[in-house]
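Student: What follows is a predicted structure for the sequence shown.
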Amino acid sequence: MNSPHFPYGKALGLCSGGLDSILAALLLRSQGITVCWLAFETPFFTAEKARTAASKNKIPLIVKDITQRYMAMLTNPRCGYGQGMNPCLDCHALMFRIAGEMLGATQSDFLFSGEVLGQRPMSQTRAGLRFVEKNSGFAGYILRPLSAQLLDPTWMERQGLVNREQLCGFSGRSRKPQMALAEAMGVKEYPAPGGGCLLTDQGYSRRLKDLLDHQAEPGRADLELLKYGRHLRADAHAKIVVGRHKSDNERIMAWYREEQDILIRMNTWPGPVVVIPRGSDVERQTVLWAASVCAGYSKAPRRESAEVILQTPRGREVAAVVPIANEQVQSLMIP
């Protein structure tokens, strides 16, 4: 199995935790190749499915947070975006680049993934797969076991580390070939496809675009807050996040930064949590407007003054405001 070119007989694979990732790893393991998985995390996707797949299939898993490098790519992807803010080709190239940088540390000979030719019409075309290889910096050392027989042979196949004839020639969007292979290999549990990346979500993408248009270097909390509540753009310097329900309020509070955000809550009436991210320099008039919005979404009587608690980096105070009706702020909503 081992050769001077491939001393370890080991492969490092990108893992989403889906069926394709599982089958790709098992195909290589069936040839006596040691496999290890690498999964990435950012505010836009997690490694939870990968953790489950690794546990069920007894495959070692490395989880790596790549938020900083991902944001540098996301703000200026070479190939642009999909229907949302998803830079799929540049994303895959970055993931393979990071994985390739870890070949030595993991004592791995090559990289692999569960990509299937033609499964995703925008990113898994022949041209798309070639772009990813070229821009990863590891062209020739990336194997796609599920479509290998339809692609050019890799170094690993030519050197005999991998038996090309025992790999697959899957293509297209149908899942039937993978499901049949899963049954043959005894894989009974795997998640439904799709739904893993928030950047494909239209609502989240609009909020993210607004954030990037107004803030050069958003932090982790800024990105996490995009997942929760109503988002209203007050002006070029201020946005408010309004909780929709108890669970929303709790999640917003989890990312509230006392040293730089402004927190607004009702004093006596039930109501939402409102946060002005990075609001320490926001004008007083805008803060009071946000407090009126908070009151408008609360149980406080309309057209009557209501007390709110303002928690700013400079301290805490109670202020009286008149609620603003919800319909008056609809035009400011980032949908």
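Tutor: Received the coordinates, thanks.

Student: Check the burial of Ala306 by counting its neighbours.
Tutor: Number of residues near Ala306 (other CB atoms under 10 Å) recorded here: 24. In this view, the C-beta of every residue, glycine as well, is placed from N, C-alpha and C.

Student: And for Val322?
Tutor: 15.

Student: Could you do Ile62 as well?
Tutor: 18.

Student: How about Met253?
Tutor: Neighbours around Met253, by other CB under 10 Å: 14.

Student: That one and Val273 touch, don't they?
Tutor: Yes. Using CB atoms under 8 Å, Met253 makes contact with Val273 at a distance of 6.0 Å.

Student: Next, the contact list for the residue lying closest to Leu61 once chain neighbours are set aside, please.
Tutor: Of all residues not flanking Leu61 in the chain, Ala54 sits nearest, at 3.7 Å (CB to CB, 6 or more residues apart in numbering). By CB atoms under 8 Å, 6 or more residues apart in numbering, Ala54 lies in contact with Cys15, Gly17, Trp37, Pro60, Leu61.

Student: Out of these, give me the two with the largest separation.
Tutor: Gly17 and Pro60 (14.2 Å; CB to CB).

Student: any idea which element Met156 lies in?
Tutor: For Met156, the enclosing helix or strand under DSSP states H and E is helix 155-158.

Student: Which elements pack onto that helix?
Tutor: Using 3 or more CB pairs under 8 Å, 6 or more residues apart in numbering; DSSP states H and E as the contact test, no helix or strand touches helix 155-158.

Student: got a pLDDT number for the residue nearest to Leu61?
Tutor: What the model reports as pLDDT for Ala54 is 98.

Student: Follow the chain on from the helix or strand harbouring it and name the next helix or strand.
Tutor: Element membership for Ala54, per DSSP H and E: helix 48-57. Of the helices and strands lying after helix 48-57 in sequence (DSSP H and E), the nearest is strand 61-65.

Student: For ChimeraX, what selects the buried ones among the contacts of Ala54?
Tutor: To isolate the buried members of the contacts of Ala54 in ChimeraX, using 16 or more other CB atoms under 10 Å:
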select :15,17,37,61
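
Student: how about the residue nearest to Val287 when sequence neighbours are not counted, phi and psi?
Tutor: Nearest residue to Val287, sequence neighbours excluded (CB to CB, 6+ apart): Ile262, at 6.1 Å. Main-chain torsions, Ile262, degrees, to the nearest 10: phi -110, psi 130.

Student: Pull the contacting residues for Ile262.
Tutor: Contacts of Ile262 by CB under 8 Å, 6+ apart are Val275, Ile276, Gly279, Ser280, Val282, Val287, Ala290, Leu310, Gln311, Thr312, Pro313.

Student: Please report the distance of it from Ser280.
Tutor: According to CB to CB, to the nearest Å, Ile262 stands 7 Å off from Ser280.

Student: hmm, back to that, so the residue nearest to Val287 bridges to which residues?
Tutor: Ile276 (DSSP bridges).

Student: need the helices for this structure, in chain order.
Tutor: 19-29, 48-57, 67-74, 88-101, 126-136, 155-158, 176-184, 202-214, 220-225, 246-254, 284-296 (DSSP state H).

Student: quick one: low-confidence ranges for the protein?
Tutor: 1-4, 195 (pLDDT under 70).

Student: how does it divide up, domain by domain?
Tutor: Listed by automatic domain parsing, the domain ranges of the chain are 10-197, 201-332.

Student: how much space between Tyr190 and Thr268?
Tutor: Relative to Thr268, Tyr190 is positioned 51 Å away (CB to CB).
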